[in-house]
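Asker: The following block contains a protein sequence and its predicted model.
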Amino acid sequence: MIPSRQPRRFRHATPAPVSRSGPARLAASLLAAALCAPAGIAFAAKEPSGGESDWPEITAAEKALTSVPEDPEADAVVLVKERDGRILRQADDLVNVIRYHWRMKILNERGKRYGELRIRASKGSRVDELEARTIKPDGSIVPVAPDQVFEKLIIEVGSLRVVDKVFNFPSVEPGAIIEYRYTRHDNGMLFLDPYFFAGEEFTLRSRVTQGFLAGTSYTILCDLCDLYPPVQPVIGEWRDVKQKGQLYSLELKNLPGYRDEALMPPERETTPRLDMVLHLWKGAPIDALGRQDRFFIDWASVAQYAGYYYARAIKDGQAALKPIVEGWVQGVADPAARVKVILRHVQDDFRYIDWDTVVGRTHRIDSILKDKSADNEDKAVLFLAALKTVGIDGLPVLVASKEVGSVNPKFYSMTQFTHVIVALPKPDGTREYLDPTLSYAPYGFVSWEDSGAGALVLNGKEGELIDLPTKLELSTTRHRVTLRPRTDGGADIDLQTEFTGEDAIDVREDLVPASGAARESWIKDWLQARRPGATLTAHSIENLETVDKPLVLKLSFGAPGMVTIADEVDLVRACVISCRNTNPLSRANRTHPFYVDRGWNVEEAVTIQPPREGMVASQMPPMAVAKSAIGSMSLSCSAQGDGSVRCLRSFVARRNRWPASEQPAVRAMYDRIVQADRATVAFAAPGS
């Protein structure tokens, strides 16, 4: 049985306006016309000096640290992680000005991978005052030069522009300390960006503070913070020049790292997190809720708020959308068939901007039609509006993806949800749930992320919290390989891979919108990840845009290291594509349960031709079976009538969850898989 989750604490503080970084639409208009900001707030910001003397002191203990007793396998340790926010007035806007500081010590060669850093920014979340440096083991300091901080464009579609600030710490080596700090300016008033106290490595000290304006209060969720008693938050007064309000502060120590390891639960299921949502703002009128002062006090208020803006966008978009939808459904009279046609156009005709945030607002439909792009909320509203033009009504449904975790039923916030789908009422009183963001999927396909996920149905002024139906879609990848050994130790290989279900959707999402050159590049990368050093010589794709059929890749390539040649015996690898070279689980004591929210079913059949004329198979690898609670693998080889050998490998893992106590058995299973995937078939001349 999976251990129960820790109790959660809720408080009502008297803090201030909240901000949530997200699409550009949120930047300037989140509460425009709906909320009246208090007047007379000044902003006095402390500008960094740019010198070395004003960095927080590096203590003697930090300098002397060489390992983490609580985590002997640690590659690095986070010494300090801090976020200090104040909601302030800048010109006519209220902005959450947040200063970040992060310091890490590198403990071994593997830890050098932390030397590259990316900081995400968008139009609604501006980053500046970035400084970074390396403190070498001898105490010398090497700063990151400003001209070595680069901006990498991630998304630029319509009004949305997302960039990463990218840089590398200099002189990163075991014993070095790396640190950075910057200021983020977040617009918006409803939600504070959640703060996760831990990081990928063990964290010695993590601290968050947030200043709020007088006259406001927020519901504050400190999820899993009770793992660290008797630490309690401090709520006190905050003043800065003409501004005042209350300040929330909480510091946690000695936090286990959340490593990106196989089969991990979502981060918010395992890691302490602070989340805040607006509860009260005295004197503020709220058109969406038809009242003033009180914001999100129950699920009905969340549903009514988001539903109000979705409905307004749907109504305003009818004129622009109606002639387009008429073209889509021309000649299609049956209502059910019309739904399918409209869904396909919304899914495939508009580039999906992958944004796992729900804010209760969308772009205007005429803007979506012009840009031919949409995020998750845009797609849902566009689908609902298109259905309405033909007389079909649906309901928006906010979903918390299985990838991020379960919904807390007592924390009334959109920050728990990652995307929006649509519910269509059926004649029998049930509902059909359709995801307009799921491109290149058969009609009605349910992603593993939505299957059984927590959701909020927006039904007028009601907020209906439900679990979506569990639908176990079959996803399978089948590899068919013909291997012809060469005398140089390599092999010429023909591969046919067939993808179905979720596996096919994932590949189509990458390949369908790509150019021919980009598709070839993707195939080369896919092949290199499975057979390093392979050289692609030919490729083709079948059923790329026929979503009701399996997607098929056909590749021809050369691969080194497939054959070990001796005087009289040649040894040929029995696994080619789905092989596992290392155990994905570390040896560190696991504290988190195993989650298999998306199942696997991978099959590989390898036909090995004799390496040299006259050779026959002289020895087969023993049949291998590896099992644990999460799944099973098998490998077997047999001689064929034409002198070749056929090896069959399969790995199956079904959706389920298991406690951390399964670690020894699961790790042992992967050890056996690694060993089995190194197996070879021996070929020799008859009589040798």
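Answerer: Yep, it's here. Residues are numbered from 1 along each chain as shown.

Asker: now the helices for the stretch 351-500 of the chain?
Answerer: Assignment of helices within the stretch 351-500 of the chain using DSSP state H, counting those that start in this stretch yields the ranges 365-371, 376-389.

Asker: Which of the residues in the longest helix anywhere in the chain are classified as buried?
Answerer: When every helix of the chain is counted residue by residue (DSSP state H), the longest turns out to be helix 299-316. Residues 299-314 are the ones in helix 299-316 that count as buried (16 or more other C-beta atoms under 10 Å). Where you see a C-beta, it was placed from the backbone N, CA and C, and this is true even at glycine.

Asker: and the angle for the helix or strand following it with helix 376-389?
Answerer: Sequence-wise, the next helix or strand beyond helix 299-316 is helix 318-328, with elements assigned using DSSP states H and E. If you take axes from the mean of the first three to the mean of the last three C-alpha atoms, to 10 degrees, helix 318-328 sits at 70 degrees to helix 376-389.

Asker: counting contacts, what elements does the helix or strand that comes right after helix 318-328 pack onto?
Answerer: Scanning forward in sequence from helix 318-328, with DSSP H and E defining helices and strands, the next element found is helix 335-348. Helices and strands touching helix 335-348, as assessed by 3 or more C-beta pairs under 8 Å, 6 or more residues apart in numbering; DSSP states H and E, comprise helix 318-328, helix 376-389.

Asker: now for the longest one, which elements pack on it?
Answerer: In this structure, helix 376-389 packs against helix 299-316, helix 318-328, helix 335-348, helix 365-371, strand 395-400, strand 419-425, with contacts taken as 3+ C-beta pairs under 8 Å, 6+ apart.

Asker: Dump the fourth one to CSV, keeping only the CA atoms.
Answerer: What it means is helix 365-371. Backbone C-alpha positions of helix 365-371 (Å, rounded to 0.1, in the frame of the first residue of the first chain) are rendered in CSV as follows:
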residue,chain,number,x,y,z
ILE,A,365,-11.0,34.2,-30.5
ASP,A,366,-10.4,36.5,-33.5
SER,A,367,-6.7,36.7,-32.3
ILE,A,368,-6.5,32.9,-32.0
LEU,A,369,-7.9,32.6,-35.6
LYS,A,370,-5.4,35.1,-36.8
ASP,A,371,-2.3,33.6,-35.1
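
Asker: which residues are contacting that helix?
Answerer: For helix 365-371, contacts defined as C-beta atoms under 8 Å, 6 or more residues apart in numbering pick out 157-159, 313-314, 316-317, 320-321, 324, 350, 362-363, 374, 378, 381-382, 385.

Asker: Of all the residues in that helix, which ones are buried?
Answerer: Applying a neighbour-count criterion of 16+ other C-beta under 10 Å, the buried positions in helix 365-371 are 365, 367-369, 371.

Asker: Report the distance from that helix to the chain centre.
Answerer: 27 Å (C-alpha atoms, centre = their mean, to the nearest Å).

Asker: Quickly list the domain ranges of this protein.
Answerer: Domain assignment of the chain by automatic domain parsing yields the ranges 9-43+54-286, 298-467, 477-684.

Asker: Throw these into JSON lines and include distance to residue 292 and mean pLDDT, thanks.
Answerer: Compiled in JSON lines, the domains of the chain are given as follows (distance: least, C-beta to C-beta, whole Å; pLDDT from 0 to 100):
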{"stretch": "domain 9-43+54-286", "distance to residue 292": "5", "mean pLDDT": "81"}
{"stretch": "domain 298-467", "distance to residue 292": "13", "mean pLDDT": "94"}
{"stretch": "domain 477-684", "distance to residue 292": "42", "mean pLDDT": "95"}
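
Asker: Now the residue nearest in space to the middle of the chain: closest residue in space that isn't a chain neighbour?
Answerer: When the chain is reduced to its mean C-alpha position, the nearest residue by C-alpha atoms, centre = their mean turns out to be residue 403, at 7.0 Å. With C-beta to C-beta, 6 or more residues apart in numbering as the criterion, residue 403 has its nearest non-adjacent residue at 5.3 Å, and that residue is residue 449.

Asker: circling back: for residue 226, find the nearest of the helices and strands packed on helix 376-389.
Answerer: Taking C-beta to C-beta as the criterion, residue 226 comes closest to strand 395-400 out of the helices and strands packed on helix 376-389, the separation being 21.5 Å.

Asker: by contact count, what packs against the closest one?
Answerer: Contact here means 3+ C-beta pairs under 8 Å, 6+ apart; on that basis strand 395-400 packs against helix 299-316, helix 376-389, strand 419-425, strand 454-459.

Asker: so what strands line up beside that strand?
Answerer: For strand 395-400, the paired strands and their directions (DSSP bridges) are strand 419-425 (antiparallel), strand 454-459 (antiparallel).

Asker: Residue 624 versus the closest residue to residue 583 other than its chain neighbours, what's the distance?
Answerer: Nearest residue to residue 583, sequence neighbours excluded (C-beta to C-beta, 6+ apart): residue 670, at 4.4 Å. In this structure, residue 670 and residue 624 are separated by 13 Å, where distance is defined by C-beta to C-beta, to the nearest Å.

Asker: do residue 178 as well
Answerer: As defined by C-beta to C-beta, residue 178 lies at a distance of 43 Å from residue 624.

Asker: now do residue 533
Answerer: 25 Å.

Asker: between these two, which one's more packed in?
Answerer: residue 624 (18 against 13; other C-beta atoms under 10 Å).

Asker: among the helices and strands packed on helix 335-348, which is the most enclosed?
Answerer: A comparison of these by mean neighbour count, using mean count of other C-beta atoms under 10 Å, puts helix 376-389 on top with a mean of 26.
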